[in-house]
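Novice: Sequence first, predicted model second:
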Amino acid sequence: MSLYIAHVQDDSFESINIYNCHKSDEAFVSVSGIKGIKGLSNDDDLIFLLPSSLVTSYNFIRNKELSAQINLANFISEIDSKLVGQVSDNEYVFHGNNVFVIDKKTLVDINTSLSSINASIFLIPEYLANPINGSDSITQLNTKLLFHYSDGTGFGIDEYFLDQYLDIVFNDKPDYEPAIFASNKILSNRFKISTPFKNFSFSSFLNVDLKNSPNLYKQQISFELLKNKLSFSNLQVAACLVSFIVLLTAPSFLIYKNNSDAVIYTSATYNIFKSINKDIKKVVAPRAQIDDLLKGVPSDQVKNIKLPNLDIFYKLGSKYLTKSSINLETSVASISIDSMPEIQFKLIQSASSQFNVSIIDKDVVTINGFVSGVMELRLVNE
């Protein structure tokens with residue numbers, strides 16, 4: 001496990017210095033943007049120092065007897081005149097006796113970019129880079145001077161503006177005597193320091209319980225995060241996308257297929273009843289239609305009647321059947337055909353016995369290879 005410090009060099013996040021606390025603080029790697037932070041593992045800790053220009057800190061003592069919402073309302077009423085923009089545009093993070101205020105969209109953008117990094121992440125204001133509790137301090141980090149105040153608030157400025165900022169500080173705190181971790185002539189003149197400056201090292205973070213530090217980081221779920229955390233290859237990502245699409249579309253396809261099969265079944269049933277009775281316009285319920293056909297049959301005879309299997313006639317000759325009738329008492333069916341090809345007629349004749357149907361009479365004529373006439377069929381009752 002290693003501890004890394006990321007210090008942003010500009011507000012556009014184009015240049016970021018990465019320090020490894022287990023090595024010399026003088027050695028760092030400069031990367032371009034948050035996406036340039038790579039090579040970390042889940043066991044590593046990353047402290048990301050947020051530029052002071054993006055976050056403002058205030059001292060505020062919460063009333064523990066009041067709810068978080070009421071404390072927030074009280075805090076906003078105290079600093080309302082100092083806020084820039086709409087109150088709802090900001091995120092308010094309470095930690096101890098301090099409140100950190102940052103633009104919501106800016107925080108979400110930063111957290112989204114950080115979420116793709118494999119490490120435990122701590123997003124803190126840069127002026128907490130040198131965590132000395134209960135005391136004032138000034139720490140130089142490259143060209144920046146980081147001011148940390150005893151009440152937990154702070155600020156960071158470029159050394160070019162150091163003189164002007166010190167005028168503001170002395171005006172507010174005439175007895176300001178900070179611990180100085182910087183080699184700077186302006187500081188030497190202002191504070192008349194005769195002893196060497198204190199040494200600053202990021203290794204001081206190794207003795208700090210980061211879980212007790214203010215942390216503005218909140219993981220944001222994104223496609224890039226899932227891909228990195230699950231270590232998926234491009235092929236695996238493509239397979240997951242295909243599976244997801246199938247899961248979304250399968251129910252709709254099954255419903256469509258079921259409806260399509262229902263239409264085919266209804267159409268086929270209608271054709272069967274149409275071949276029996278030309279007056280049928282619509283088949284709503286086949287079972288009901290069969291019940292209507294059997295209404296005139298005495299109840300003591302219904303159980304002895306078995307409808308014949310006439311599939312061979314419907315499959316091979318339905319388009320040539322002009323009329324059909326069934327006498328349930330004599331078990332005889334009469335079927336009229338018109339212009340049926342002779343070879344098809346002979347095929348029906350030879351196959352009828354396999355369907356438990358016997359042709360007992362036929363009055364047909366053959367003209368130019370087409371058969372027309374009437375056939376009587378014996379229906380077998382068991």
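Specialist: It's in.

Novice: use CA for all of it now, contacts and neighbours both
Specialist: Noted.

Novice: residues making contact with stretch 157-168?
Specialist: Residues from elsewhere that reach stretch 157-168 (C-alpha atoms under 8 Å, 6 or more residues apart in numbering): 52, 143-146, 186.

Novice: What subset of those is buried?
Specialist: Buried members of these, scored by 16 or more other C-alpha atoms under 10 Å, are 52, 144-146.

Novice: What about these, which are in strands?
Specialist: Among the buried ones among the contacts of stretch 157-168, the ones falling in strands (DSSP state E) are 144-146.

Novice: Quick check: end-to-end length of stretch 113-123?
Specialist: Terminal residues of stretch 113-123 lie 12 Å apart, using C-alpha to C-alpha, to the nearest Å.

Novice: where does the stretch 201-350 of the chain dip in pLDDT?
Specialist: In the predicted model, the stretch 201-350 of the chain carries pLDDT under 70 at residues 221-234, 236-237, 265-318, 328.

Novice: so where do the helices sit in it?
Specialist: 223-229, 234-276, 286-293, 299-302, 311-317, 342-351 (DSSP state H, counting those that start in this stretch).

Novice: Go through stretch 204-213 and flag the buried ones.
Specialist: Phe205.

Novice: Please read the previous query as pertaining to stretch 370-379.
Specialist: For stretch 370-379, by 16+ other C-alpha under 10 Å, it's 371-379.

Novice: Looking at those, which is nearest Asn118?
Specialist: Here the nearest of those to Asn118, counting by C-alpha to C-alpha, is Leu379; it sits at 80.1 Å.

Novice: With adjacent residues omitted, what lies nearest to Ile121?
Specialist: If the residues on either side of it in the chain are set aside, Ile121 comes closest to Leu46, at 4.9 Å by C-alpha to C-alpha, 6 or more residues apart in numbering.

Novice: Just the residues contacting the helix or strand containing that neighbour, thanks.
Specialist: Using DSSP states H and E, Leu46 maps to strand 45-50. Applying C-alpha under 8 Å, 6+ apart, the contact partners of strand 45-50 are 1-8, 119-126, 129.

Novice: For the helix or strand just after it, give the mean pLDDT please.
Specialist: Per DSSP H and E, the first helix or strand lying C-terminal to strand 45-50 is strand 55-59. The average pLDDT for strand 55-59 rounds to 91.

Novice: From Thr330, how far off is Asp361?
Specialist: 14 Å.

Novice: if we can go back for a sec, so what pLDDT did the residue nearest to Ile121 get?
Specialist: 90.

Novice: ok, and the closest non-adjacent residue to Val93?
Specialist: Spatially, and ignoring its direct neighbours in sequence, Val93 is nearest to Phe100 (5.1 Å; C-alpha to C-alpha, 6+ apart).

Novice: which other residues reach the strand or helix carrying the one you found?
Specialist: Assigned by DSSP H and E, Phe100 belongs to strand 98-103. By C-alpha under 8 Å, 6+ apart, the surrounding residues in contact with strand 98-103 are 54-61, 89-94, 151-153.

Novice: rerun that using 6 Å as the cut-off
Specialist: Residues outside strand 98-103 that contact it (C-alpha atoms under 6 Å, 6 or more residues apart in numbering): 55-60, 89-93.

Novice: chain center to that strand, what's the gap?
Specialist: 30 Å (C-alpha atoms, centre = their mean, to the nearest Å).

Novice: Please apply the same query to stretch 6-19.
Specialist: 31 Å.

Novice: how deep is Ser113 tucked in, by neighbour count?
Specialist: As a burial measure, Ser113 scores 17 neighbours (other C-alpha atoms under 10 Å).

Novice: For the residue nearest to Val93, grab the count of nearby residues.
Specialist: For Phe100, the count of nearby residues is 21 (other C-alpha under 10 Å).

Novice: same question, Ala262
Specialist: The local packing of Ala262 (other C-alpha under 10 Å) involves 12 other residues.

Novice: again, but for Asn356
Specialist: By other C-alpha under 10 Å, the residues close to Asn356 number 14.

Novice: what separates it from Ser331, distance-wise?
Specialist: Separation of Asn356 from Ser331 (C-alpha to C-alpha): 12 Å.

Novice: With Ser116 instead?
Specialist: Using C-alpha to C-alpha, one gets 80 Å for the distance from Ser116 to Ser331.

Novice: ditto for Ile255
Specialist: Counting by C-alpha to C-alpha, the gap from Ile255 to Ser331 is 42 Å.

Novice: more neighbours, those two?
Specialist: The residue with more neighbours, out of Ile255 and Ser331, is Ser331; 16 against 11, by other C-alpha under 10 Å.

Novice: Go through stretch 141-160 and flag the buried ones.
Specialist: 141, 144-149, 152-157, 159.

Novice: mean confidence for that stretch?
Specialist: Per-residue pLDDT over stretch 141-160 has a mean of 90.

Novice: No further questions, thank you.
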